[in-house]
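**Q** Quick one: sequence plus predicted model below, questions after.
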Amino acid sequence: MSLFATKVLEVEGGWALRVRTACGLKLEYRYETERQARFFRAVFALDPTRLPAPQKMDLGAGAKATRGLERASELLGLTPAEITASVSVLDRARA
């Protein structure tokens, strides 16, 4: 089962791929053709670890109650190694 729920829609001026992550983050990507949107839908079915920057982002219902979703959206595109390295620097500075 994929970590992402996806939907391809025809919109004004092209096609949209709407993605909902396991943590409730809603992302939207715009493409010129249906073929491009369906291709990236297939990419999301493979559960990628790095996500491209979306054209639209919505933290979803209840986002005000959870600051974690905001922080998660700021980490889009970072690798686990980059996050680990940043945390290590903060740990050393605190010690």
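**A** Perfect, I can see it now.
**Q** shaky segments in the chain?
**A** For the chain, residues meeting the criterion pLDDT under 70 lie at 1, 59-77, 95.
**Q** quick one, strands of the protein?
**A** Secondary structure of the chain (DSSP state E): strands located at 5-11, 14-20, 26-31, 56-58.
**Q** residue boundaries of the helices in this protein?
**A** 34-45, 67-74, 80-94 (DSSP state H).
**Q** rewinding a little: pipe the strands of the chain into a markdown table and attach mean neighbour count per row.
**A** (Glycine included, C-beta is placed from N, CA and C.) As requested, these are exported to a markdown table (neighbours: other C-beta atoms under 10 Å):
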| stretch | mean neighbour count |
| --- | --- |
| strand 5-11 | 13 |
| strand 14-20 | 18 |
| strand 26-31 | 18 |
| strand 56-58 | 14 |
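**Q** Kindly reformat these as TSV containing distance to residue 85.
**A** Listed next are the strands of the chain as TSV, based on distance: least, C-beta to C-beta, whole Å:
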stretch	distance to residue 85
strand 5-11	31
strand 14-20	27
strand 26-31	25
strand 56-58	25
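**Q** out of these, which comes closest to residue 46?
**A** Nearest to residue 46 among those is strand 5-11; the distance by C-beta to C-beta comes to 11.3 Å.
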